[in-house]
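Student: Quick one, structure for this:
(chains A and B)
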Amino acid sequence: SAVISQKPSRDICQRGTSLTIQCQVDSQVTMMFWYRQQPGQSLTLIATANQGSEATYESGFVIDKFPISRPNLTFSTLTVSNMSPEDSSIYLCSVGSGTNEQFFGPGTRLTVL
Amino acid sequence: QKEVEQDPGPLSVPEGAIVSLNCTYSNSAFQYFMWYRQYSRKGPELLMYTYSSGNKEDGRFTAQVDKSSKYISLFIRDSQPSDSATYLCAMWAGNMLTFGGGTRLMVKP
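Tutor: Predicted coordinates:
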């Protein structure tokens, strides 16, 4: 399986600011995803990061709030914009294989004050 | 009703016990079934991946899928304190992975 790293691992941010989370994979992958895991909850898919085109967002998530970049097959960023305390969560990137398995990064723990 | 239901626990067992973790689902389109283990403050780790109904074994872990009942299970034999984690079931249909809420397991020495 691919080795996935995320930066930062954690951050504490002020309300109204933005944070960009980076996801780096050690090999080229076709499919990359961004998830949110709120405290004590399961994972919710935010969007699929498409290389060379706009991300595909799930219901309840919009590009203005969560802009995503995917400049190549090993890297993606997720920005959490105009943050509020409700955005406090763990943000996870994952990569997919041809057999629909997904492998996750270690996550970014975000606290918004 | 959620598409994937999973008892949140916590489930507390003594070391050496056989653990049974379960999920039910409502969407007949789910074709691929996975179990993830998530330790505190870590990302989910893929444990088992199955496609068809039946059993799949990997060491102390056995994944079981019953598509007719829309029911999947993960069995852990000879449970160890290091198995203490949250276990998430996940199911794939089309282009999306849907997760259960996770079951927190505690294995006591």
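
Student: all contacts plus neighbour counts: C-alpha atoms, from now on.
Tutor: Will do.

Student: What average pLDDT does the strand ranked longest in chain B get?
Tutor: The residue-count maximum for a strand in chain B (DSSP state E) belongs to strand B:85-93. In this model, strand B:85-93 has an average pLDDT of 93.

Student: residue boundaries of the strands in chain B?
Tutor: With strands called from DSSP E, chain B shows them at B:4-6, B:11-14, B:19-25, B:32-38, B:45-50, B:54-58, B:61-66, B:71-76, B:85-93, B:96-99, B:103-108.

Student: quick one, which of those strands is nearest to A:Asn50?
Tutor: With distances scored as CA to CA, the stretch of these nearest to A:Asn50 is strand B:96-99 (14.1 Å).

Student: mind listing what the closest residue to chain A within chain B touches?
Tutor: Residue nearest to chain A within chain B (CA to the nearest CA): B:Gly43, separated by 4.2 Å. Residues near B:Gly43 by CA atoms under 8 Å, 6 or more residues apart in numbering or on different chains: A:Leu92, A:Phe104, A:Gly105, A:Pro106, A:Gly107.

Student: now for these, which pair is the farthest apart?
Tutor: A:Phe104 and A:Gly107 (7.9 Å).

Student: Just confirm A:Ile90 contacts A:Arg36, I think it does.
Tutor: Yes: A:Ile90 lies in contact with A:Arg36 (CA atoms under 8 Å); the separation is 5.8 Å.

Student: Beta-bridge partners for residue 25, please?
Tutor: This is for chain A. Each beta-bridge partner of A:Val25 is listed here: A:Ile4, as defined by DSSP bridges.

Student: wait, chain B
Tutor: B:Val4.

Student: and if you look at A:Leu45?
Tutor: As for beta bridges, A:Leu45 partners with A:Tyr35 under DSSP bridges.

Student: Could you list which residues are in contact with it?
Tutor: Each residue near A:Leu45 by CA under 8 Å, 6+ apart is listed here: A:Phe33, A:Trp34, A:Tyr35, A:Arg36, A:Glu58.

Student: again with B:Tyr71
Tutor: Going by CA under 8 Å, 6+ apart, B:Tyr71 touches B:Asn22, B:Cys23, B:Thr24, B:Tyr25, B:Val65.

Student: could I get those as a markdown table with pLDDT?
Tutor: What follows is these, written out as a markdown table (pLDDT from 0 to 100):
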| residue | pLDDT |
| --- | --- |
| B:Asn22 | 96 |
| B:Cys23 | 96 |
| B:Thr24 | 96 |
| B:Tyr25 | 95 |
| B:Val65 | 95 |
